[in-house]
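Colleague: predicted coordinates and the sequence they were generated for:
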Amino acid sequence: VTGNSYGSDTSGVEAEIASGVVAVYPSRYGFSALKESGGVVYWGDYYTDGVVPNTEGVERIYTNEDSSVGLKGSGDLVGWGLGSYGGNVPSGTFEEVYQNHRGFAALKTDGSGVYWGSNPAISPSAPLENVVDIVATYDSFAGLTASGNVITWGSATLGGDSSSVQSQLTNVERIYATARAFAAVKSDGSVVTWGDAGYGGDSSTVSGELNGAKVKDIYATYGAFVALTEDGRLIIWGSSTYGGNKKATGLTNIESVYTFEYGFTALTRDGSWLLWKGSDIDPTTIADSSNGKIKTVHTIMTNRSYRLILGLRDDGKLIYATSTPTNVQEVAIPDGEEVESVYTREYEALVLTKSKNLYKVTSSTVTLLADNVKGVANMVGDAGVVSGHDWDMSTAVKPSGLSVVNTAEDTLANLNPVFVDVDEEAMVFHVVDAPSQGMIQVDGVEITEAGFGFTGNTVTGLVYVPHENVNGDDSFSYYVADASGGNTGTYTV
């Protein structure tokens, strides 16, 4: 840990963080380290350095500027840091927590919502009931209900006041946010915006393009939105500083869009790679498909204002450009190994090759971390930030794939981990905590309750079967091991 203050001094917690740390979460004044045991160690200002009391069983940590909240496997919350910014947590059984700059919001298992921290200037526009998702700007929240209505609270200028568009906020399917504004996509593909006009809250300049556009998805930077329509067109509005580049509006044949703080990068359906940010910069083609189609794009930070943008081609080569796209180069993976998967952290990327070597890639170096790796799990995060932890690479049983999958209501989901024992020893796979809204099958064997297991030297074909007419998140935890040891994990659907 380096720096001038606010967590740079770890002398009081050296013993506690010397081993067993699976993730570190920053706030403005310090750091929180999650241990394998579920306990939390804090160091920095505005809270005592050391083990945070009552954090045994914490599985996830959420931080805002001055406080942190831990969500336990039991659904209980524990908080630390400045109480006025959310350190004083409510009681109850919770399934998800959301944070903004000054406070927190959480969903209980019964679908009701609560919020705490800095008192909002605008109270919730309706009771927080039957809420299925919450989205945050810098100082406001927007809750989406099961019936498609939207409830807002917080700073009036940052999206907490939706009264001017409340009559339009019906049949909403998804909500998106910049730092200061919200955008909602309705079931008919139309878009409603509110909040700071300069940060995407006013979409009137593109209302003609949005009208009848059938928006497929929306992507957001700190201050701009881009809508991707079903026919592959882009519609952009918001701050020009953060990618609200009108010259990119009207781009066609777009397959997918990726964001970084100051701009957007996109892939076309023919595999070309585009980037734009400031209003005076034309969208730049980073790479066309002449040397191979770009499959995925990933961004990592090299400092607060500089980004390294990685593109994985279908020939297994990884190329990169900076956030000012010049001098596109190939990442120098040793021996020319082809890349299979890329997993991004905030300041680095983990690259798994087809030869099953795992490398760490930063702005200037490529470092081998492990060989004979079957995959990397729990590398799922938002905007390139890792949450969860890496698998123990010393254990003989390792999974392949990620630990989150999305599926439509009433639709079976094929889960992607494949467990193959590298020593061809017999393994045991069983569910520790069964899913609450469905069931899983392993190799055609139905698992209907916690503790039921399957044994063999290969475990494939994990399938999640949802109960009829349910929606929202579900999860289950599992354990897989051979004679040399094993790992536990959680899968979210």
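Modeller: Structure's in. What do you need?
Colleague: show me how far stretch 230-240 is from its chain's centre.
Modeller: With C-alpha atoms, centre = their mean, to the nearest Å as the basis, stretch 230-240 stands 22 Å off its chain's centre.
Colleague: now that stretch: buried residues?
Modeller: 233-240 (16 or more other C-beta atoms under 10 Å). Bear in mind the C-beta positions are built from the backbone N, C-alpha and C, glycine included.
Colleague: got the buried residues for stretch 177-191?
Modeller: 177-186, 189-191.
Colleague: now secondary structure and distance to P466 too, for those, in TSV please.
Modeller: Formatted as TSV, the buried residues of stretch 177-191 follow (DSSP: H, G, I helix; E, B strand; the rest coil; distance: C-beta to C-beta, whole Å):
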residue	secondary structure	distance to P466
A177	strand	28
T178	coil	33
A179	coil	35
R180	coil	36
A181	strand	34
F182	strand	29
A183	strand	29
A184	strand	25
V185	strand	23
K186	strand	25
G189	coil	25
S190	coil	29
V191	strand	29
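Colleague: and those, which is closest to F264?
Modeller: For the buried residues of stretch 177-191, the closest approach to F264 (C-beta to C-beta) belongs to T178, at 12.3 Å.
Colleague: who are the neighbours in contact with the closest one?
Modeller: By C-beta atoms under 8 Å, 6 or more residues apart in numbering, the residues touching T178 are 137, 195, 199-200, 220-225, 238-239, 242.
Colleague: and it, how far from A136?
Modeller: Distance from T178 to A136, counting by C-beta to C-beta, to the nearest Å: 11 Å.
Colleague: repeat for A156
Modeller: Per C-beta to C-beta, A156 is found 15 Å from A136.
Colleague: between those two, who's got more neighbours?
Modeller: More crowded of A156 and A136, by other C-beta atoms under 10 Å: A136, with 23 against 17.
Colleague: identify the bridge partners of the more buried one.
Modeller: Counting by DSSP bridges, A136 is bridged to F141.
Colleague: that one touches A105, doesn't it?
Modeller: Yes. Using C-beta atoms under 8 Å, A136 is in contact with A105, at 7.4 Å.
Colleague: any common contacting residues for the two?
Modeller: In contact with both A136 and A105: 98-99, using C-beta under 8 Å, 6+ apart.
Colleague: report how many residues lie close to T152.
Modeller: Residues near T152, counting by other C-beta under 10 Å, number 29.
Colleague: need the three-state assignment for it.
Modeller: strand (DSSP: H, G, I helix; E, B strand; the rest coil).
Colleague: what is the rounded mean pLDDT of stretch 111-128?
Modeller: Per-residue pLDDT over stretch 111-128 has a mean of 88.
Colleague: contact partners of it?
Modeller: 64, 67, 84-86, 88-90, 92, 102-108, 129-132, 134, 139-141, 143, 146, 149, 151-156, 160-163, 166.
Colleague: pairing partners for the helix or strand hosting R174, with directions?
Modeller: Using DSSP states H and E, R174 falls within strand 172-177. Strand 172-177 has its sheet partners listed here by DSSP bridges as strand 181-186 (antiparallel).
Colleague: beyond the partner strand, next helix or strand please.
Modeller: strand 191-195.
Colleague: contacts for that following strand?
Modeller: 137, 140, 152, 157-159, 161-162, 164-165, 168-169, 172, 178, 180-186, 200-203, 210, 213, 215, 218, 225, 227, 237.
Colleague: re the thing from before, the contacts of stretch 111-128, buried ones only, as a ChimeraX selection?
Modeller: Command for ChimeraX, covering only those of the contacts of stretch 111-128 found buried under the criterion 16+ other C-beta under 10 Å:
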select :64,67,85,86,89,102,103,104,105,106,107,108,130,131,132,134,139,140,141,143,149,151,152,153,154,155,156,160,161,162,166
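Colleague: name the spans of the stretch 51-200 of the chain whose pLDDT lies under the cut-off.
Modeller: 84-86 (pLDDT under 70).
Colleague: I'd say A142 and A177 touch.
Modeller: Yes. Using C-beta under 8 Å, A142 makes contact with A177 at a distance of 7.2 Å.
Colleague: what do those two both touch?
Modeller: In contact with both A142 and A177: 135-136, 159, using C-beta under 8 Å, 6+ apart.
Colleague: need the contact list for the nearest residue to L251 once chain neighbours are set aside.
Modeller: Once flanking residues are discounted, L251 sits nearest to L234: 4.5 Å by C-beta to C-beta, 6 or more residues apart in numbering. L234 sits next to 226-228, 248-252, 254, 257, 266 when contact means C-beta under 8 Å, 6+ apart.
Colleague: try 7 Å this time
Modeller: 226, 228, 248-251, 254 (C-beta atoms under 7 Å, 6 or more residues apart in numbering).
Colleague: in CSV: those, plus pLDDT, secondary structure and neighbour count.
Modeller: Shown next, in CSV, are the contacts of L234 (pLDDT from 0 to 100; DSSP: H, G, I helix; E, B strand; the rest coil; neighbours: other C-beta atoms under 10 Å):
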residue, pLDDT, secondary structure, neighbour count
V226, 91, strand, 28
L228, 92, strand, 21
A248, 77, helix, 24
T249, 77, coil, 18
G250, 77, coil, 11
L251, 83, coil, 20
I254, 89, strand, 21
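Colleague: and the residues you listed, which two are furthest apart?
Modeller: L228 and G250 (12.5 Å).
Colleague: residue boundaries of the helices in the protein?
Modeller: 14-17, 207-210 (DSSP state H).
Colleague: okay, these, which one's buried deepest?
Modeller: Ranked by mean neighbour count, those are led by helix 207-210 with a mean of 16 (mean count of other C-beta atoms under 10 Å).
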